[in-house]
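Trainee: this is a predicted model, with the sequence first.
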Amino acid sequence: QVHLVESGGGLVQPGNSLTLTCRNSARSGWNYAMGWFRQAPGKERLFVAGLIMSDGVTYYEDSVRGRFAVSRDLARNTLTLQMRSLKSEDTARYFCAATGPDGPVPVTDRGSYDYWGQGTQVTVSS
């Protein structure tokens, strides 16, 4: 059973930073990849950042590359998204996701992910 729980969302002013954490109940390393997606009201859920659990290779959506950093803690089986220089357009509900154990699969593809958290709201506003 894979259960994902996100934490760390909130209200932040433009230019500031925020860190999201996803806790994974599965055995550490069981999932091939984990990632973060976001969904703004009325918009589709889009890839933000992700990584392959075995080797830590990371992937980023172009608009967040250089501002966001995704990382994993294998001991705690958590996924973290460090967000800095936040902009109003980063406002969305952020979802943690995990694939099954088999790979390779496209880390940036929403269809690769079988397990989803409930999401955490990030609002960037002055």
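Mentor: Perfect, I can see it now.
Trainee: check contacts around the most centrally placed residue in the chain.
Mentor: What sits nearest the mean C-alpha location of the chain, by Cα atoms, centre = their mean, is Trp36, with 1.9 Å. By Cβ atoms under 8 Å, 6 or more residues apart in numbering, the contact set of Trp36 is 20, 22, 47-50, 70, 79, 81, 94-97. Any C-beta I mention is one placed from the backbone N, CA and C, and that applies to glycine too.
Trainee: adding neighbour count, write those residues out as CSV.
Mentor: Listed next are the contacts of Trp36 as CSV, based on neighbours: other Cβ atoms under 10 Å:
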residue, neighbour count
Leu20, 23
Cys22, 26
Phe47, 21
Val48, 24
Ala49, 25
Gly50, 29
Val70, 23
Leu79, 29
Leu81, 25
Tyr94, 24
Phe95, 23
Cys96, 29
Ala97, 23
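Trainee: now, which of these sits nearest Gly103?
Mentor: Gly50 (12.1 Å; Cβ to Cβ).
Trainee: fine by me, thanks again.
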